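*Asks:* structure for the following, please:
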Amino acid sequence: MAAHGPLVPVTVHFDDLDALGLLHNARYPVMVERAWTALWNERGLVFAGDWAAAGDFCNAVKEFTITYDAPVKQPGAYAVRLWLERLGRTGLTYGFRFCSADGTVTYAHGTRVLVRLDPATLRPAPWSDRFRTSGQDLLRPRG
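*Replies:* The predicted model follows:
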């Protein structure tokens, strides 16, 4: 798989490890979420604290898939490579690779589908123009 999208640093802490000393399977999605939050914050898109003010952050996860490729055996510096597979009118699919800090070793990869919601009705709503513009460079080229 060709590298596309930014490599966002994350830190695995000792308390992220399970009883066997491996990164707990439930921590991978948390690390990916933290990476996305950092990326959007760098682009000036910040969660404002409530559903009405959340704007594009008023969304729900429809689907999450992950494949574990190799165990993370110790705390330290790692990274998550992030990209958008699809950016639709009300939904998007993003891809990720949880990897070594330099991006050369993949520990897990997957996708997540989000649906933008209207805060009053909780029905699908369109992404803002600002969000769409901010995410254009994250779209992985087809082909």
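
*Asks:* contacts only, for E63.
*Replies:* T111, R112, V113 (C-beta atoms under 8 Å, 6 or more residues apart in numbering). Yep, even glycine has a C-beta here, placed from its N, CA and C like the rest.

*Asks:* going through those residues, which ones are buried?
*Replies:* Buried by 16 or more other C-beta atoms under 10 Å: R112, V113, out of the contacts of E63.

*Asks:* let's see which of the contacts of E63 end up in strands.
*Replies:* T111, R112, V113 (DSSP state E).

*Asks:* so where's the chain shaky on pLDDT?
*Replies:* Within the chain, the stretches with pLDDT under 70 are 1-2, 143.

*Asks:* can you pull out the strands in it?
*Replies:* With DSSP E as the criterion, the chain has strands spanning 7-12, 59-68, 76-87, 91-100, 106-116.

*Asks:* wait, doesn't R116 sit right on C58?
*Replies:* Yes - between R116 and C58 a contact is recorded at 7.0 Å, counting by C-beta atoms under 8 Å.

*Asks:* give me the common contacts of the two.
*Replies:* Common contacts of R116 and C58 (C-beta under 8 Å, 6+ apart): A125.
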